[in-house]
Structure formats: structure tokens, C-alpha cells
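1. Next comes the sequence, and after it the predicted model I'd like to discuss.
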Amino acid sequence: RCILHNPLRGGPHDRLAALLHLGRAVADAPGTRLPASRLASVALDAVLAQPTDTKVAAASLRALERAIDDAPTHPDLREAAAALRHRAGDHDAAEAHVLAALETHPERPRLYALLSEARRGRGDLAGAEEAIDRGLARCPLEPSLLTERGALALARGEPDVARARFSEALERAPGHPAALLSLLEMGARSSDPALLEEVAFRACAVEGVPVDVLRRTLRLYGGLASGSAPRAASERAGCLRRLAERVVRDGPDPWAELTLARAPSSLELRVGARASLASRGLCARQRPGRRGPPRALRARSPSDRA
């Protein structure tokens with residue numbers, strides 16, 4: 001019940017309580033895969049849902065490592081613990097979890113990507129390359145490994161190689177989240193509107209892209225100045241509208257609702273989006289002929305801040 005969706009909370013009833021119960025299930029049945037896999041999934045979801053909450057991250061990691069003590073051969077637990085250790089900057093502990101999992105499950109490509117990430121995190125680029133080569137020898141053209149090879153190329157100062165690897169990963173798996181986000185961040189860092197537009201249209205073209213990726217894409221692509229990207233304004237508007245529609249299906253989002261409210265699309269969508277924005281105080285009255293975003297979303301001038 002703790003994992004079930006609660007519409008009042010907009011998510012599970014209680015992820016941390018779920019970690020406790022799943023940990024007990026792993027201790028009671030250490031040879032059973034289901035509770036271990038669910039524990040790993042819920043722990044990662046808990047951290048991603050509250051990325052700035054260090055207490056949630058610490059509780060999730062404790063639950064995983066207690067479960068590893070009870071069931072040390074479950075690769076899902078090791079993968080999740082390695083990902084959280086790497087995220088916390090403890091690259092040596094992350095590598096230790098990955099190497100322990102590889103002893104019993106050398107066929108899992110995600111383990112090689114995590115091993116490369118951990119080594120890259122502490123500056124061991126040669127070791128990271130070796131991990132990717134090992135993984136690709138077992139799983140040729142695996143998207144997660146191609147994406148990690150692109151990240152390694154970026155760390156070496158080779159952006160063109162990195163972009164080619166990310167694009168190759170997306171050819172193998174068109175909606176691969178890590179590859180999309182990597183290209184998106186490249187476009188944002190280099191202020192490349194053509195690359196941001198490419199990612200936005202890639203994300204629009206496939207179903208199943210995580211909403212966090214869609215949300216980030218919408219904000220970066222939607223923030224481009226009009227006419228700065230190569231496609232026609234009508235194509236750009238259509239892409240932004242489709243991204244926004246997919247984001248609001250997951251729940252309220254002011255940026256997506258603003259995009260829909262301003263889009264020349266369905267009247268029903270515009271009315272619903274404007275009503276949602278008004279409920280948050282984000283809609284200002286527009287005088288005839290007035291252009292620009294609602295007053296509440298405009299950047300304030302220095303005199304306003306004072």
C-alpha cells in the first residue's frame with residue numbers, strides 16, 4: 001500500500017515506509033527477486049523525486065545497503081546502491097558495489113556504464129574507457145554504454161566525438177533519456193539553438209520519454225529567442241505544444257500550461273491551461289495588442305528587486 005499512487009500526494013503514499021517494508025521482505029526471503037527489485041526501484045525513485053533532500057538520499061542508501069547485507073547477490077540492489085554512492089561523490093564505494101555485482105552478473109550492460117561513471121568521477125579516464133570496452137565486448141551497441149562513451153569524450157574535451165556518440169545511442173534507442181539529456185545539456189552549455197531544436201524534435205517523435213526529460217526540453221527549447229533556431233516558427237510552435245501537452249498529462253506544470261495558453265491550438269486546451277495558471281496567480285490581464293509573457297513570469301528589473 002505504501003507504494004500505491006495517492007492522488008492527494010501526487011505520488012506514492014509513503015516511499016520511505018515502503019523502503020522499510022521492502023527491506024523486511026528482502027530479509028525474510030533473500031533469494032526472492034521481486035522485493036529486491038522493488039526496493040531498488042523505490043529507493044531510486046525516492047531520491048529522484050526529492051533530489052535536494054539529503055535525508056531521503058541517506059535513508060534510501062541505508063535501506064539498500066542493509067538489504068545487500070541480507071541478499072548480497074541481487075544485482076538490482078548493487079546497481080541502485082552504486083548509482084546513489086556515485087551521486088553522493090563516493091566513487092570508490094560505487095565501484096566496489098559494481099565490481100561485486102559483476103562477479104555474479106557480468107552480462108548486465110548497466111553495470112559497465114556505472115563502473116565507467118565511477119572511474120570517470122574520480123578522474124580515471126583510462127579506467128573508464130576500459131570499463132566501456134569490456135561492456136561493449138559483451139553488449140555491442142548498447143545505448144547506455146554509447147552514451148557513457150560520449151560523456152567520456154566530453155571529459156576529454158572532444159565535443160564533436162561526444163555528440164556523435166550521443167546521436168548513435170539515440171539511433172539505437174530513440175528515446176534514451178540519458179542520451180537526450182546529454183545532448184540537451186551540450187546545447188545549453190554551448191548556446192546552440194540548432195542542437196536544442198534537434199533534441200526537442202527527437203523527444204516529440206517518440207513515446208515513453210520520461211516527463212522530467214520532456215520538462216527540461218520544453219524549458220530550454222521554449223526559452224530560445226524567436227527566429228534563433230533553423231525551423232519555421234509554425235513547426236517550432238507545434239513541437240512546443242506537443243511537449244507541453246505531454247508534460248501536463250503527468251500533472252500541473254506552470255511552464256507547460258503557459259505554453260498551451262499561448263499556443264494557437266485547441267480552445268479546450270487553452271481554456272484549461274489558462275484556468276490552471278490563474279489558480280496559481282500566474283496570469284495577468286492582457287490589454288488588446290499587448291504582447292509578452294504574463295507579468296508574474298517576467299524577469300524583474302533591478303529597480304523592482306530593490
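-> Good, I have the coordinates. Numbers count the residues shown, from 1 in each chain.

2. So residue 247 versus residue 188, what's the distance?
-> Plainly put, residue 247 is 18 Å away from residue 188 if you go by Cβ to Cβ, to the nearest Å. Where you see a C-beta, it was placed from the backbone N, CA and C, and this is true even at glycine.

3. again with residue 154
-> Taking Cβ to Cβ, one finds residue 154 at 13 Å from residue 188.

4. Repeat that for residue 68.
-> Using Cβ to Cβ, residue 68 is found at 37 Å from residue 188.

5. For residue 247 and residue 188, indicate the residue with more neighbours.
-> A count of neighbours by other Cβ atoms under 10 Å puts residue 247 above the other of residue 247 and residue 188, at 23 against 17.

6. which residues touch the helix or strand hosting residue 67?
-> Per DSSP states H and E: residue 67 is located in helix 54-70. For helix 54-70, the surrounding residues in contact (Cβ atoms under 8 Å, 6 or more residues apart in numbering) are 15-16, 19-20, 22-23, 26-27, 30, 36, 39-40, 43-44, 46-47, 50, 74, 77-78, 80-81, 84-85, 87-88, 97.

7. With just CA atoms, put the helix or strand just after that helix into CSV.
-> Next in sequence after helix 54-70, counting helices and strands by DSSP H and E, comes helix 75-87. The C-alpha coordinates for helix 75-87 follow below in CSV (Å, rounded to 0.1, in the frame of the first residue of the first chain):
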residue,chain,number,x,y,z
PRO,A,75,22.3,-7.1,-8.9
ASP,A,76,19.4,-4.6,-8.7
LEU,A,77,20.4,-3.7,-5.2
ARG,A,78,24.1,-3.3,-6.1
GLU,A,79,23.2,-1.2,-9.2
ALA,A,80,21.0,1.1,-7.2
ALA,A,81,23.5,1.4,-4.3
ALA,A,82,26.3,2.2,-6.8
ALA,A,83,24.2,4.9,-8.5
LEU,A,84,23.5,6.6,-5.2
ARG,A,85,27.1,6.3,-4.0
HIS,A,86,28.3,7.8,-7.2
ARG,A,87,25.7,10.6,-7.0
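
8. tell me what the next helix or strand after helix 75-87 is packed against?
-> Next in sequence after helix 75-87, counting helices and strands by DSSP H and E, comes helix 91-104. For helix 91-104, the packing partners by 3 or more Cβ pairs under 8 Å, 6 or more residues apart in numbering; DSSP states H and E come out as helix 75-87, helix 109-121.

9. ok and the last one relative to helix 75-87, angle-wise?
-> This means helix 109-121. Between the axes of helix 109-121 and helix 75-87, defined by axes from the mean of the first three to the mean of the last three Cα atoms, to 10 degrees, the angle is 20 degrees.
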